[in-house]
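Student: model this:
(chains A, B, C and D)
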Protein chains: 4
Amino acid sequence: MVDVQSFNDERNIPLEKVGVKNLRYPVTVLDKAHGEQHTVATVNLFANLPHHYKGTHMSRFIEVFNDHYTDIQMPTFLTMLEEVRVALEAETAYGEVRFPYFLEKAAPVSGQKGMMSYSCWFVGERGVHAKRFVVGIEVPVTTLCPCSKEISSRGAHNQRGYVRVQLQLGPFFWIEDIIEIVEAAASSGLYTLLKREDERFVTEQAYDRPVFVEDLVRDVCVSIEDLGYFPWFSVEAENMESIHNHDAYAYVERGVKAWQSSE
Amino acid sequence: MVDVQSFNDERNIPLEKVGVKNLRYPVTVLDKAHGEQHTVATVNLFANLPHHYKGTHMSRFIEVFNDHYTDIQMPTFLTMLEEVRVALEAETAYGEVRFPYFLEKAAPVSGQKGMMSYSCWFVGERGVHAKRFVVGIEVPVTTLCPCSKEISSRGAHNQRGYVRVQLQLGPFFWIEDIIEIVEAAASSGLYTLLKREDERFVTEQAYDRPVFVEDLVRDVCVSIEDLGYFPWFSVEAENMESIHNHDAYAYVERGVKAWQSSE
Amino acid sequence: MVDVQSFNDERNIPLEKVGVKNLRYPVTVLDKAHGEQHTVATVNLFANLPHHYKGTHMSRFIEVFNDHYTDIQMPTFLTMLEEVRVALEAETAYGEVRFPYFLEKAAPVSGQKGMMSYSCWFVGERGVHAKRFVVGIEVPVTTLCPCSKEISSRGAHNQRGYVRVQLQLGPFFWIEDIIEIVEAAASSGLYTLLKREDERFVTEQAYDRPVFVEDLVRDVCVSIEDLGYFPWFSVEAENMESIHNHDAYAYVERGVKAWQSSE
Amino acid sequence: MVDVQSFNDERNIPLEKVGVKNLRYPVTVLDKAHGEQHTVATVNLFANLPHHYKGTHMSRFIEVFNDHYTDIQMPTFLTMLEEVRVALEAETAYGEVRFPYFLEKAAPVSGQKGMMSYSCWFVGERGVHAKRFVVGIEVPVTTLCPCSKEISSRGAHNQRGYVRVQLQLGPFFWIEDIIEIVEAAASSGLYTLLKREDERFVTEQAYDRPVFVEDLVRDVCVSIEDLGYFPWFSVEAENMESIHNHDAYAYVERGVKAWQSSE
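Tutor: Have a look, this model is predicted:
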């Protein structure tokens, strides 16, 4: 059978990214407490396409990923992308994998346990001699409005918010470390299971620790810089405002997402 | 050209619904304040298919709807469905149209104005001699937890919640009337634009009017019964809990979604 | 601390459903090939609320589910709901759990393997003496239009479609059996990994087996009746039409979703 | 009342973006055929926050947008952002507005008309002396696989795909011009209403014009360069593959999203 994809292309237009998107796959990821964790991912895999090829070979992306899905880790993800790059005869391979990460979490007073879910993602790029790798973690939190507390004689509006941290790899860290940093910066962390004594605790804690989205991203920024040097990172916070039908948003980034040597 | 859809089908299986789904269309709906309002709808249109036909004629649904999209009202929606029914040579036609409905709303103290968006939907069924018609309205609100307020020495968790009311037509009402009922039952209504004096007002009002999702659906239920007799209605409330990453939910319904004479 | 939820309520309105919604949890489900499978679920758990209680106790739903998430099976799901019912002192407990189910699937000619994802859900209701249980399975397929093939001198439009089967429990079956029935009724099943010889095979197979959404739901209906007696089942098909920006839809159901004795 | 947002902040961290997100608003946009068009938008508005301010003033974003929503055009959008920048005492204001844009479209043979919906967006940035403005347009199309056609003895898999074009302003163009370019590069454009003679036409046309996602982005790229000089533009195509449950994807960009003088 002819290989139409390998036909010569005369339009002289190289493509930045070609590949497969929105692939659903079971994956196994590293877990600080239990060694490994089974979860489910949405996966995008791309490679560049030189100007002289008409098309890419989509099935090869799946073949490579199918060899790796039972062991998705920060370091091995780039190894997988290098195999994609070679299989596609490309200069650069790109990959994104998004998955919920689960932690058992104890309520603050009763100690009762439930599973909490945190959205995470890895984004990697692998060139012949260079690489870039970003880890993303979304942490749901409570935020209580400092303005509302200050100007009101009683109460203060509060709401569920989401903080998204993205880090280009620097010093070693666990997903759990970032979650801890974000929850410490928020009015309160969230819990799946709270008994009445816990509900009182988180209510009062939130009232005592009011934060704007602006405060949240700044405090997380300071704590990440305390972890060590990351070439690039960003922090964004988004509040599902309890008094509006739209969201409040803040974003900060530091550094430059630079290529690193892959040697 | 042959009409494959009209071929005889020998499997002897009549189908409840066949048609088009997720059609995006601009629509014009009735507006209490300005006579009419331009918005955008997602539309589903179905008819039953007798056992002896192989397929329906999908283009006819579009032809009929295209004659009516500039005038979508509660009464004329059933007229449109009767045309669908006749065009498809069916016993029953079904239709669903969902759209955001906008209201200009003044902040409670400053009086400053902004547009608020409410999701609405019409669901109609039209048989040869019978009809059913349901209107749905989703109202975003603030809810402040009575338990959290009672057991805590300061503050109380609160959040954005959504109340969905569905009514089978009975006495005349405006979408605005239902929104008013729901906001009166909540800890506070939501606003797009709030200045500081407004924020204090809604913060204190919410603290003074704590409601569970259970309270909310019960109070809305009582107010709807005060409007007059509806053959069937339902009320559901869903809180995006500020202390959990899941939602709190309550649902109540009254009556039976009965067919009414279309004469 | 006072138990506000247990306060007496004087509005005299019993509620159909109160509980927790959109809970994300890791779950373990039965797997025909490997005994068990790890996946991720979205969970809703409700109970009715008698008119004299002000509120339900949301944390108890989580406590019960947290005892069962590592073993979610069709029969044990109702046992879990019975525990919810008792924990909430309710007459009826309801539960919904939705999860992707993964199968390794070989390409039709090359035999190369990849994982396919199928959305599944369990919906259960448990009263004091009665129960209802429905299993749902969504199968993505290729559909090729019989009309387009018949009237055109070359080619035929085809597209990805989704078939959703829901069954009230009757004779024993595996999720895999339903997937097989749906794929046999479609123009072709879908695959994650296809080499060129496979792509030729599925292209020609689809061209040789054209089906409308109407054909698809009817053929699946016939095959389910061949499996044995189910008190109720429904089949719906939705085509992401390649020639339209909306979907084509068909729905059929058989029987009545009746309560069964839970003795 | 105290203005908490204006408090001095000592963390010394300036923020890139602070503001409101996911605001739903009715908007009026320019329309080539009728002068103007009513539609519905999702709006994000941000400004940078200097390091010495604790917070931004969220209500001011709404106040400015509320003065402009009845006239959203490419040039006036930057004027609106300049007002945001001034109102927030910021160096830079950012804005994103997304809306469905509707066109009446005639079927290719019968000439029957229906409304087609195209997702569009404006993204603008306004600094003291500089500006950037990008227009985005998503066009749904049919794509027929050249490989499948070539290797199969009959038929060819085809599917609905989405092409997203983003352009930094250069020569004047209408949204309609970009839609025309994309549909000409696809196997076929999509239609809301097709009679049988139209269905034959689009089926045969698609079979005669097979394109990979790679071909699609390249051909659109060539046509955009023929329109004149744009400082930056990108084209991406995403196929909802009819033979897979994942998507095929291609992306190309040209130029650099440079700041332009706002004088």
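Student: how about the nearest residue to A:Ala47, chain neighbours excluded?
Tutor: Excluding the flanking residues, the one nearest A:Ala47 by Cβ to Cβ, 6 or more residues apart in numbering or on different chains is A:Ala90, at 3.7 Å. Any C-beta I mention is one placed from the backbone N, CA and C, and that applies to glycine too.
Student: Thought A:Tyr53 was touching the one you found, still the case?
Tutor: No - counting by Cβ atoms under 8 Å, A:Ala90 sits too far from A:Tyr53 to count as a contact (9.6 Å).
Student: Look at these two and report which has more neighbours.
Tutor: The neighbour count for A:Ala90 versus A:Tyr53, taken as other Cβ atoms under 10 Å in any protein chain shown, is higher for A:Ala90 (23 against 20).
Student: What residues does the stretch 51-200 of chain A have near chain B?
Tutor: A:116-117, A:140, A:142, A:144-145, A:147-148, A:151-160, A:188, A:190-192, A:194, A:196, A:199-200 (Cβ under 8 Å from any Cβ of the partner chain).
Student: what about 10 Å?
Tutor: Residues of the stretch 51-200 of chain A that fall close to chain B, judged by Cβ under 10 Å from any Cβ of the partner chain: A:114, A:116-118, A:139-145, A:147-162, A:187-194, A:196-200.
Student: Now intersect those with the strands, please.
Tutor: A:114, A:116-118, A:139-144, A:158-162, A:188-189 (DSSP state E).
Student: Could you list the low-pLDDT ranges of chain A?
Tutor: A:263 (pLDDT under 70).
Student: tell me, which strand in chain A spans the most residues?
Tutor: strand A:15-31.
Student: those helices in the stretch 101-250 of chain A, which residues are they?
Tutor: Applying DSSP state H, counting those that start in this stretch to the stretch 101-250 of chain A gives helices spanning A:146-151, A:175-185, A:196-208, A:213-227.
Student: I'd like to know how many residues surround A:Glu10.
Tutor: Counted with other Cβ under 10 Å, A:Glu10 comes out at 9.
Student: Surely it touches A:His51?
Tutor: Yes - between A:Glu10 and A:His51 there is a contact under Cβ atoms under 10 Å: 9.0 Å.
Student: show me what contacts A:Arg209?
Tutor: Contacts for A:Arg209 (Cβ atoms under 10 Å, 6 or more residues apart in numbering or on different chains) come out as A:Thr142, A:Thr143, A:Leu144, A:Pro146, A:Ala184, A:Ala185, A:Ala186, A:Ser187, A:Ser188, A:Asp215.
Student: Please identify which of those residues is nearest to chain B.
Tutor: Using Cβ to the nearest Cβ, A:Thr142 is the member of these that lies nearest chain B, at 5.0 Å.
Student: residues contacting A:Val217?
Tutor: By Cβ under 10 Å, 6+ apart, the contact set of A:Val217 is A:163-165, A:182, A:185, A:211, A:234-237, A:249-253, D:13, D:15-18, D:49.
Student: for A:Gln37, same thing?
Tutor: A:27-31, A:99-103, A:175, C:26, C:38.
Student: Of all residues in chain A, which one is closest to chain C?
Tutor: A:His38 (3.4 Å).
Student: For A:Ser234, give its distance to chain B.
Tutor: 22 Å (Cβ to the nearest Cβ, to the nearest Å).
Student: what's near enough to touch that residue?
Tutor: A:134, A:136, A:164-168, A:217, A:221, A:224, A:251-255, A:257, D:16.
Student: Go again with 6 Å.
Tutor: A:Gln166, A:Glu253 (Cβ atoms under 6 Å, 6 or more residues apart in numbering or on different chains).
Student: repeat for A:Phe133
Tutor: A:Leu78, A:Gly124, A:Leu169.
Student: out of these, who's nearest C:Pro108?
Tutor: Nearest to C:Pro108 out of these is A:Gly124 (Cβ to Cβ; 32.5 Å).
Student: The closest one: neighbouring residues, count only.
Tutor: Neighbours of A:Gly124 (other Cβ under 10 Å): 23.
Student: separation between it and D:Tyr249?
Tutor: Distance of A:Gly124 to D:Tyr249, given as Cβ to Cβ, to the nearest Å: 17 Å.
Student: rewinding a little: just checking: which of the residues of the stretch 51-200 of chain A next to chain B also lie near chain D?
Tutor: With Cβ under 6 Å from any Cβ of the partner chain as the criterion, those include A:Cys147, A:Glu150, A:Ile151 near chain D.
Student: Surely the second one touches D:Val4?
Tutor: Read it as A:Glu150. Yes - A:Glu150 lies in contact with D:Val4 (Cβ atoms under 6 Å); the separation is 5.1 Å.
Student: just to revisit the earlier point, buried among the contacts of A:Arg209? Make that a ChimeraX selection.
Tutor: With 16 or more other Cβ atoms under 10 Å in any protein chain shown as the criterion, this ChimeraX line picks the buried residues out of the contacts of A:Arg209:
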select /A:142,143,144,146,185,186,187,188,215
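Student: Tell me the one of the contacts of A:Arg209 nearest D:Tyr207?
Tutor: D:Tyr207 has its nearest neighbour among these in A:Thr143, at 55.7 Å by Cβ to Cβ.
Student: which residues sit in contact with the closest one?
Tutor: Applying Cβ under 6 Å, 6+ apart, the residues contacting A:Thr143 are A:Gly161, A:Ser187, A:Val211, A:Asn239.
Student: What subset of those residues is buried?
Tutor: For the contacts of A:Thr143, a burial check counting by 16+ other Cβ under 10 Å picks out A:Gly161, A:Ser187, A:Val211, A:Asn239.
Student: Looking at these, which two lie furthest apart in space?
Tutor: A:Ser187 and A:Asn239 (10.5 Å).
Student: picking that back up, which one of the buried ones among the contacts of A:Thr143 is nearest to D:Tyr69?
Tutor: For the buried ones among the contacts of A:Thr143, the nearest to D:Tyr69 is A:Asn239 (23.0 Å; Cβ to Cβ).
Student: Return the distance of the closest one relative to chain B.
Tutor: Using Cβ to the nearest Cβ, A:Asn239 is found at 10 Å from chain B.
Student: Please tell me I have it right and that residue contacts A:Ala248.
Tutor: Yes - here A:Asn239 reaches A:Ala248: they are 4.3 Å apart, a contact under Cβ under 6 Å.
Student: hang on, the earlier thing: how about the helices of the stretch 101-250 of chain A, which one is nearest D:Met74?
Tutor: Among the helices of the stretch 101-250 of chain A, helix A:213-227 comes nearest to D:Met74, with 30.0 Å by Cβ to Cβ.
Student: Return the set of buried residues in the closest one.
Tutor: For helix A:213-227, the neighbour count (16+ other Cβ under 10 Å) marks A:Val213, A:Glu214, A:Asp215, A:Leu216, A:Val217, A:Arg218, A:Asp219, A:Val220, A:Cys221, A:Ser223, A:Ile224, A:Leu227 as buried.
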